[in-house]
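A.B. asks: structure here, sequence nowhere to be found:
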Ligand SMILES: Nc1ncnc2c1ncn2[C@@H]1O[C@H](COP(=O)(O)OP(=O)(O)OP(=O)(O)O)[C@@H](O)[C@H]1O
Ligand SMILES: O=C(O)[C@H](O)COP(=O)(O)O
């Protein structure tokens, strides 16, 4: 894998794939740890005299956070203290003209790359190299830099296609995450795994991989709710919500894992809804669960404080409106002086949200899906594309 440390970037026209997919609250992208890290990459490339066009995605089609990157470019411009040209179209003359006009150190940002349907096909680098978009815009650039470790599990056009067309390099975040996550894979062989968030189907791989070595698996967030549903507990409205969103695809596999390793799993005993705290089994049909309850949060925190190592992926609840359970768990991890790891775009944003510092944790990965796949021993297509 080629490193940017080995080349002179002065005057080079760089297409930089970032993962500026940010949590969005009330329509506003949030300046999280992920944003701060990409700011460093963009600043570095710009300071080294490159002409940088930033490529990123935001959300997925049909989701609330599937938005234009125009606001991201404004936030980026404010943070860099210099103009960032926003290029809204993929196929007009604007991108070529913008690159041609750029001075050394100039920065531009392209519209949400997932607005292009061809981007979202999971296809080989060879196939994506033939995408109309990849073919057309490769000619404006000298090099491709992939710094989007957190999207490296997607074999999408902008993640793998350019590696076939341009001299390609791993960016600093890609390099650092690969190094740190490799070390974590070797070192994390006991302690507590804390899993939450909104994508239970991402998690059975990491449970399978680590269940033999960890002492406990604490399930919160939607994985915790899905586990309760799988065990036949009544979660009222939330059950339909989870099914409608198709979040229950790994329900049986999760149940099997829990039954096989019953002594290791801790599931929520109580939950929080808009109206208060309820024991599982006592939630009224009209209510939606949004967080683990107080007793559960206290039990999870106790396990975490006593563990020699902790890895957390995914918040314990919809923390944007209901932060209590997640905050208690993150505070307990920060208090633990052992080996502690947070993984996930939303999860890493909790460090700032709950007034912690990054150095209170051994490693904070800004990757979610890529992080768990890497920990599960899966190959990441974008990493392979950079290696070949
Ligand atoms: N019980 C719950 N009900 C509804 N939403 C939930 C619940 N628990 C967590 N969430 C939502 O999950 C989202 C975060 O989960 P997600 O899996 O995306 O985070 P992550 O693990 O940090 O990974 P990513 O890198 O994808 O952000 C938040 O927006 C939060 O509101
Ligand atoms: O936040 C993430 O995990 C990455 O941006 C990947 O997003 P995706 O799961 O929508 O592909």
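C.D. replies: Sure thing, it's come through. Bear in mind the structure is a predicted one, so any value in this text is a computation, not a measurement. Ligands and ions are numbered 1, 2, ... in the order given.
A.B. asks: from residue 123, how far out is residue 66?
C.D. replies: When distance is defined by C-beta to C-beta, to the nearest Å, residue 66 is 21 Å away from residue 123. For every residue, glycine as well, the C-beta is placed using N, CA and C.
A.B. asks: for the residue in the stretch 51-200 of the chain that ligand 1 sits nearest to, pull up the helix or strand it's in.
C.D. replies: Per C-beta to the nearest ligand atom, residue 197 is where the stretch 51-200 of the chain lies closest to ligand 1, at 2.5 Å. For residue 197, there is no enclosing helix or strand under DSSP states H and E.
A.B. asks: what is the burial count for it?
C.D. replies: For residue 197, the neighbour count with other C-beta atoms under 10 Å is 25.
A.B. asks: residue contacts, the nearest residue to it once chain neighbours are set aside?
C.D. replies: Of all residues not flanking residue 197 in the chain, residue 314 sits nearest, at 2.5 Å (C-beta to C-beta, 6 or more residues apart in numbering). By C-beta atoms under 8 Å, 6 or more residues apart in numbering, the contact list for residue 314 reads 195-199, 203, 220-221, 223, 344, 346-347, 368.
A.B. asks: looking at the residues you listed, which are in helices?
C.D. replies: Taking DSSP state H, the ones among the contacts of residue 314 that sit in helices are 221, 223, 346-347.
A.B. asks: show me which of the residues you listed is closest to ligand 2.
C.D. replies: Closest to ligand 2, out of all of the ones in helices among the contacts of residue 314 and judged by C-beta to the nearest ligand atom, is residue 346, at 8.0 Å.
A.B. asks: distance from stretch 297-315 to the middle of the chain?
C.D. replies: Relative to its chain's centre, stretch 297-315 lies at 20 Å (C-alpha atoms, centre = their mean, to the nearest Å).
A.B. asks: tell me the secondary structure for residue 240?
C.D. replies: Three-state assignment for residue 240 (DSSP: H, G, I helix; E, B strand; the rest coil): helix.
A.B. asks: what is the burial count for it?
C.D. replies: Neighbour count of residue 240, defined by other C-beta under 10 Å: 11.
A.B. asks: hmm, back to that, isn't the residue of the stretch 51-200 of the chain closest to ligand 1 up against residue 224?
C.D. replies: No: assessed by C-beta atoms under 8 Å, residue 197 is found out of contact with residue 224, at 10.0 Å.
A.B. asks: please parse this structure into its domains.
C.D. replies: 4-170, 177-375 (automatic domain parsing).
A.B. asks: right, is the last one up against ligand 2?
C.D. replies: Yes: where contact is defined by C-beta under 6 Å from any ligand atom, part of domain 177-375 touches ligand 2, namely 345, 368-369.
A.B. asks: using JSON lines, lay out those residues together with pLDDT.
C.D. replies: Converted to JSON lines, the residues of domain 177-375 next to ligand 2 look like this (pLDDT from 0 to 100):
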{"residue": "345", "pLDDT": "92"}
{"residue": "368", "pLDDT": "95"}
{"residue": "369", "pLDDT": "95"}
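A.B. asks: adding neighbour count, write those out as a markdown table.
C.D. replies: As requested, the residues of domain 177-375 next to ligand 2 are exported to a markdown table (neighbours: other C-beta atoms under 10 Å):
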| residue | neighbour count |
| --- | --- |
| 345 | 23 |
| 368 | 25 |
| 369 | 21 |
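A.B. asks: of those, list those near ligand 1.
C.D. replies: 345, 368-369.
A.B. asks: let me know the closest of the contacts of residue 314 to residue 334.
C.D. replies: residue 347 (13.0 Å; C-beta to C-beta).
A.B. asks: right, and the closest one touches residue 313 too?
C.D. replies: Yes: with contact defined as C-beta under 8 Å, residue 347 reaches residue 313; the gap is 6.2 Å.
A.B. asks: name the residues contacting each of those two.
C.D. replies: What both residue 347 and residue 313 touch, as defined by C-beta under 8 Å, 6+ apart, is the set 197, 368.
A.B. asks: in the chain, what residue is nearest ligand 2?
C.D. replies: Ranked by C-beta to the nearest ligand atom, the top residue of the chain for proximity to ligand 2 is residue 21, at 3.5 Å.
A.B. asks: where does that residue land in three-state SS?
C.D. replies: Here residue 21 takes the coil state, with states given by three-state DSSP.
A.B. asks: quick check: it touching residue 63?
C.D. replies: No: judged on C-beta under 8 Å, residue 21 makes no contact with residue 63 at a distance of 10.8 Å.
A.B. asks: what's the closest non-adjacent residue to residue 38?
C.D. replies: Counting by C-beta to C-beta, 6+ apart, the residue nearest residue 38 is residue 18, at 4.9 Å.
A.B. asks: might you enumerate the residues of the chain proximal to ligand 1?
C.D. replies: Taking C-beta under 6 Å from any ligand atom as the test, the list of the chain residues beside ligand 1 reads 196-199, 221-222, 225, 290, 313-315, 317-320, 344-347, 368-369.
A.B. asks: select only the buried ones of these in ChimeraX?
C.D. replies: Buried members of the residues of the chain next to ligand 1, defined by 16 or more other C-beta atoms under 10 Å, are picked up in ChimeraX with:
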select :196,197,198,199,221,222,225,290,313,314,315,317,318,319,320,344,345,346,347,368,369
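A.B. asks: got the contact list for stretch 115-129?
C.D. replies: 57, 60-61, 90, 113-114, 131-135, 154-158, 160-165, 381, 385, 388.
A.B. asks: next one: it to chain centre, how far?
C.D. replies: 20 Å.
A.B. asks: that one and ligand 2 in contact?
C.D. replies: No: using C-beta under 6 Å from any ligand atom, stretch 115-129 stays clear of ligand 2, coming no nearer than 8.9 Å.
A.B. asks: what average pLDDT does that stretch get?
C.D. replies: What stretch 115-129 shows for mean pLDDT is 96.
A.B. asks: buried ones in that stretch?
C.D. replies: Neighbour-count burial for stretch 115-129 [16+ other C-beta under 10 Å]: 115-116, 118-120, 123, 125, 127-129.
A.B. asks: likewise for stretch 295-306?
C.D. replies: Residues 296-297, 299-301, 303-305 are the ones in stretch 295-306 that count as buried (16+ other C-beta under 10 Å).
A.B. asks: that'll do, ta.
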